[in-house]
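Student: can you look at this prediction? I've put the sequence above it.
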Amino acid sequence: MLQHRHLLGIEGLSKAEITMILDLAELYAAQNRSSQKHSQALAGMTQVNMFFEASTRTQSSFEIAGKRLGADVMNMQMAASSITKGETLIDTAMTLNAMHPDLLVVRHPHSGAVALLAQKVNCAVLNAGDGRHEHPTQALLDALTIRRAKGRLHRLTIAICGDIAHSRVARSNLLLLGKMENRVRLVGPRTLMPSGIGELGVEVTDDMETGLAGADVVMMLRLQKERMDGGFIPSEREYYHRWGLDAAKLAHAKPDAIVMHPGPMNRGVEIDGVLADDINRSVIQEQVEMGVAVRMAAMDLLARGLKAQPEGTMV
Ligand code: ASP
């Protein structure tokens, strides 16, 4: 069982809790490959997905995960909901709360909005991405993918490359990989590095060759154009030339280095399309597969907590 009522970020998780989620996800990954994909961990429970930002992978992954565990799953159409009529986030949450969901999966464009909402409802809340802040299940699925490919999740050199400044994926990964004692390098243009990055104790470079040298894992990030309000990059062509991952740049990493991307990908901007599809190097499809397993594990563990302490003294 986790020591938390909600899954809001990697920040609050201990190393043991991360390992617990990954170990359970490993069992669900095996189950998902079998013909018997269903179990009853969430039987009788109601899961509501509230996505205030577009999502393909994450929303469908949470939906499949809940259904495989026997929950009743509802997707709120947020664009069509009361939000467009001016209702506040909290009012929407309180309305939903009155319908007694057990699990609320929330994505929101503002950092901190999901944590705020969690304070107002009685159910368990899972953060499916809040602004540039955190995307915990993404970091967990990345960790599981790395652990399966490399046989361990410590003492690896991991290069996270691209638009670090706007990326909740980078932030959650940085926290998780740091906790598990890996060497993390951030690689990208200086304009796309968050301020104060030097204080995080990671290596930072704007040069792909230096950043990728000897890396076990190369994690590429999408240029988050929707979060940019100015000229962060010269042009997409120039960006690809300097920071886009292609075979020549990947040659600086270890010969068995794996290539990751959380999706959605901008082919020909941050990654070469052929490389992204190269099953000998790219684990991008495995990331999607592990996403379902990790979300099953996270919801199962939170549900166990709800059953043990329905009124919830946990935070
Ligand atoms: N899908 C991930 C997220 O929601 C990564 C991305 O959008 O670039 O943060």
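Tutor: Alright, I've got the coordinates.

Student: C-alpha only now, for contacts and for neighbours.
Tutor: Noted.

Student: residue ranges in the stretch 101-250 of the chain under the pLDDT threshold?
Tutor: Applying pLDDT under 70 to the stretch 101-250 of the chain picks out residues 230.

Student: up against the ligand, what does it have?
Tutor: Contact residues (CA under 6 Å from any ligand atom) of the stretch 101-250 of the chain with the ligand: 129, 168-169, 222.

Student: what segments of the chain are strands?
Tutor: For the chain, the strands defined by DSSP state E cover 46-51, 72-76, 103-108, 124-130, 157-161, 183-187, 203-205, 217-220, 258-260.

Student: got a markdown table for the ones you listed, with mean neighbour count too?
Tutor: Shown next, in a markdown table, are these (neighbours: other CA atoms under 10 Å):
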| stretch | mean neighbour count |
| --- | --- |
| strand 46-51 | 22 |
| strand 72-76 | 16 |
| strand 103-108 | 24 |
| strand 124-130 | 26 |
| strand 157-161 | 25 |
| strand 183-187 | 23 |
| strand 203-205 | 17 |
| strand 217-220 | 24 |
| strand 258-260 | 24 |
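
Student: where's the residue in the chain that the ligand sits nearest to relative to V73, distance?
Tutor: Closest to the ligand within the chain is R222: 4.6 Å, counting by CA to the nearest ligand atom. Here R222 is placed at a distance of 29 Å from V73 (CA to CA, to the nearest Å).

Student: same thing with G162?
Tutor: The value you get for G162 to V73, if CA to CA is used, is 35 Å.

Student: so what's N173 up against?
Tutor: If a contact means CA atoms under 8 Å, 6 or more residues apart in numbering, then N173 has 138-139, 142 as its contacts.

Student: tell me the most packed of those, by neighbour count.
Tutor: Counting neighbours by other CA atoms under 10 Å, the top entry in the contacts of N173 is D142, with 28 neighbours.

Student: pretty sure that one sits against Q287.
Tutor: Yes: using CA atoms under 8 Å, D142 is in contact with Q287, at 6.2 Å.

Student: can you give me the mean pLDDT across stretch 276-288?
Tutor: Average pLDDT, stretch 276-288: 98.

Student: A303: which of the residues of the stretch 101-250 of the chain next to the ligand is nearest?
Tutor: Closest approach to A303 among these (CA to CA): G129, at 20.1 Å.

Student: how far away is the most centrally placed residue in the chain from D246?
Tutor: For the chain, the residue nearest the mean C-alpha position is Q138 (1.7 Å; CA atoms, centre = their mean). When distance is defined by CA to CA, Q138 is 24 Å away from D246.

Student: same thing with V73?
Tutor: V73 sits 40 Å away from D246, going by CA to CA.

Student: same deal with H100?
Tutor: As judged by CA to CA, H100 and D246 stand 49 Å apart.

Student: more neighbours: which of these two?
Tutor: Counting neighbours by other CA under 10 Å for H100 and for D246 shows that D246 has the greater number, 18 against 15.

Student: surely the more buried one touches V269?
Tutor: No: D246 lies out of contact with V269 (CA under 8 Å); the separation is 10.4 Å.

Student: picking that back up, quick one: contacts for the residue nearest to the centre of the chain?
Tutor: 169, 172-173, 262, 291.

Student: in TSV, list those residues along with distance to L192.
Tutor: As requested, the contacts of Q138 are exported to TSV (distance: CA to CA, whole Å):
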residue	distance to L192
V169	14
S172	17
N173	17
P262	18
G291	27
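
Student: helices - which of those residues land there?
Tutor: Counting by DSSP state H, the contacts of Q138 place 169, 172-173, 291 in helices.

Student: if we can go back for a sec, quick check: the residue of the chain closest to the ligand touching R267?
Tutor: No: applying CA under 8 Å as the test, R222 and R267 come out as separate, 9.5 Å apart.

Student: more neighbours: these two, which one.
Tutor: Per other CA under 10 Å, whichever of R222 and R267 has more neighbours is R222, with 22 against 16.

Student: ok, the residue nearest to L177 when sequence neighbours are not counted - contacts?
Tutor: Closest residue in space to L177, ignoring its immediate chain neighbours: V184 at 7.2 Å, by CA to CA, 6 or more residues apart in numbering. With contact taken as CA under 8 Å, 6+ apart, V184 is in contact with 157-160, 174, 177-178, 202-203.
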